[in-house]
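S.K.: no FASTA, just this:
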């Protein structure tokens, strides 16, 4: 379980990490000989209602070059994918906000082949979409439509068998 360390530091953290995030994003997209690693996370929250948190969820994803979506309200759910190091940073930044509960329920890490582009590994189209309070069916439909039903099942604590 990930819990925030208190409020008030959101703007400072955002500014402090902005340069680092921008550099990481740029590094991830310029070389065709690198082997990229795509990370995905399904993040559960008791709720996502606060306007500042909603903005952070979407804006930080876009700043870090992540794709995905969120469902606000009760519960709050976030699914993101992108460069693994940026996904880890995203989770770290979100965890610094004050949350009743914020937990990574599902994780997928996919190592690309030499020369394979990050965008070739993505399931979601580029961008980030927010679904409303009563839009869980639409949220789930999108996640399933991009082939991530197994990741969606982690929201309900249904995990694939370990091999």
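M.R.: Done, it's in. Predicted, not measured: the structure shown is a model, and the values here were computed from it. Numbering: from 1, shown residues only.
S.K.: State the number of residues packed around residue 162.
M.R.: The number of residues packed near residue 162 is 4, by other C-beta atoms under 10 Å. From N, CA and C alone the C-beta is placed, and that goes for glycine too.
S.K.: That one: helix or strand, and which one exactly?
M.R.: Under DSSP states H and E, no helix or strand contains residue 162.
S.K.: That one and residue 143: what is the separation?
M.R.: Distance, residue 162 to residue 143, using C-beta to C-beta, to the nearest Å: 22 Å.
S.K.: Got the phi and psi for residue 86?
M.R.: Torsion angles at residue 86 (phi, psi; degrees, to the nearest 10) stand at phi -70, psi -30.
S.K.: all strands of this structure, in order?
M.R.: Along the chain, counting by DSSP state E, strands occupy 37-45, 67-71, 76-83, 102-111, 128-131.
S.K.: Okay, angle between the fourth one and strand 76-83 too, please.
M.R.: Orientation of strand 102-111 against strand 76-83 (axes from the mean of the first three to the mean of the last three C-alpha atoms, to 10 degrees) gives an angle of 30 degrees.
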